[in-house]
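Undergrad: Starting from these lines, generate the structure:
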Amino acid sequence: MKRKTVPVSPIAKFKDTQHKKLVVDHLIKAARRLRATSVKEASGTCLTASLEFCLIAKEHDFPVELVMWHVSNDRDFCDHWAVRINQPEVVDLTYIQVSNKASSEVVFELTDYPVNYSTPRFYKTAPLLDEYSFFRNASSGKMPSTLIKNIRSLMLKQDLSKVNHFGSLAGVSTALFSYCRFRARFYFSGIEHRLRLRLDEIRRS
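TA: From the prediction side, this is the model:
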């Protein structure tokens with residue numbers, strides 16, 4: 001026998017809507033305090049900033065998704081990150097990377113992003129936050145390389161689980177190519193970093 005569904009009263013719906021609005025207002029105020037105010041401050045921090053905002057949303061039991069764009073034709077950035085709070089809008093703490101203009105605004109529509117930003121990908125935050133929370137107290141204050149690789153591996157796993165969402169194997173190949181490109185960039189940036197350290201040692205000797 002089917003269970004009878006109990007209709008939600010208009011008053012309960014109103015209270016739920018009001019509560020969500022208060023939570024969103026609180027989250028936006030928090031985002032404005034945390035936002036990067038210069039390109040230099042934002043550089044290399046968009047993923048960390050987005051995950052930190054996801055943790056705040058989790059504390060308020062507010063569902064969000066992590067958003068990632070691949071950025072083409074930009075020598076400074078290859079990826080960009082933000083947090084989707086509803087269907088058309090995201091909270092972006094490092095939007096100054098996109099606009100190069102300082103602003104107190106932190107909520108943007110997905111259509112606000114330039115054409116060289118790829119179609120955004122959306123990710124469930126729970127497994128990513130579990131991984132991030134484990135490493136976030138690293139003494140260096142930066143995301144350790146192991147954490148970045150683990151998070152991207154978890155993202156790839158989510159991408160590959162969305163075969164039906166892609167509708168074809170093209171989506172799978174795109175996800176795999178994205179991940180391989182990340183690993184290649186990560187590998188070569190590591191070599192570059194080690195070469196710079198070695199050069200500094202030679203100069204000091």
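Undergrad: For the chain, which segments count as helices?
TA: Along the chain, counting by DSSP state H, helices occupy 10-34, 39-42, 46-59, 96-99, 126-135, 145-160, 163-166, 169-204.
Undergrad: Buried residues in the second one, which are they?
TA: Residues 39, 42 are the ones in helix 39-42 that count as buried (16 or more other C-beta atoms under 10 Å). (C-beta placed from N, C-alpha, C; glycine too.)
Undergrad: now do the fifth one
TA: Neighbour counts over helix 126-135 (16+ other C-beta under 10 Å) mark 128, 129, 131, 132 as buried.
Undergrad: Show the contacting residues for residue 83.
TA: 50, 53, 54, 57, 64, 65, 66, 67, 90, 91, 92 (C-beta atoms under 8 Å, 6 or more residues apart in numbering).
Undergrad: What does the pLDDT read for it?
TA: With respect to pLDDT, residue 83 scores 97.
Undergrad: Next one: residue 88 relative to residue 33, how far apart?
TA: 24 Å (C-beta to C-beta, to the nearest Å).
Undergrad: So those two - more neighbours on which side?
TA: residue 88 (11 against 8; other C-beta atoms under 10 Å).
Undergrad: Name the nearest residue to that one, sequence neighbours excluded.
TA: Using C-beta to C-beta, 6 or more residues apart in numbering and skipping the chain neighbours, the partner closest in space to residue 88 is residue 109 (5.2 Å).
Undergrad: Do I have it right that the one you found meets residue 86?
TA: No - the pair residue 109 and residue 86 does not pass the contact test of C-beta atoms under 8 Å, sitting 10.2 Å apart.
Undergrad: Could you export the buried residues of helix 126-135 as CSV, including pLDDT?
TA: Shown next, in CSV, are the buried residues of helix 126-135 (pLDDT from 0 to 100):
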residue, pLDDT
128, 93
129, 94
131, 89
132, 90
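Undergrad: Same list, the residues you listed, but as TSV with distance to residue 76 please.
TA: Output for the buried residues of helix 126-135, formatted as TSV (distance: C-beta to C-beta, whole Å):
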residue	distance to residue 76
128	24
129	27
131	26
132	24
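Undergrad: was I right about residue 116 contacting residue 71?
TA: Yes - in this structure residue 116 lies within contact range of residue 71 using C-beta under 8 Å: 6.1 Å.
Undergrad: So those two - more neighbours on which side?
TA: Applying other C-beta under 10 Å to residue 116 and residue 71 shows that residue 71 carries more neighbours, namely 17 against 12.
Undergrad: contacting residues around that one?
TA: Residues counted as contacts of residue 71 (C-beta under 8 Å, 6+ apart) are 77, 78, 79, 80, 116, 117, 118.
Undergrad: Hmm, the first one is touching residue 100, no?
TA: No - using C-beta under 8 Å, residue 77 is not in contact with residue 100; the gap is 11.5 Å.
Undergrad: The two: who's more crowded?
TA: For residue 77 versus residue 100, neighbours defined as other C-beta under 10 Å are more numerous around residue 77 (20 against 9).
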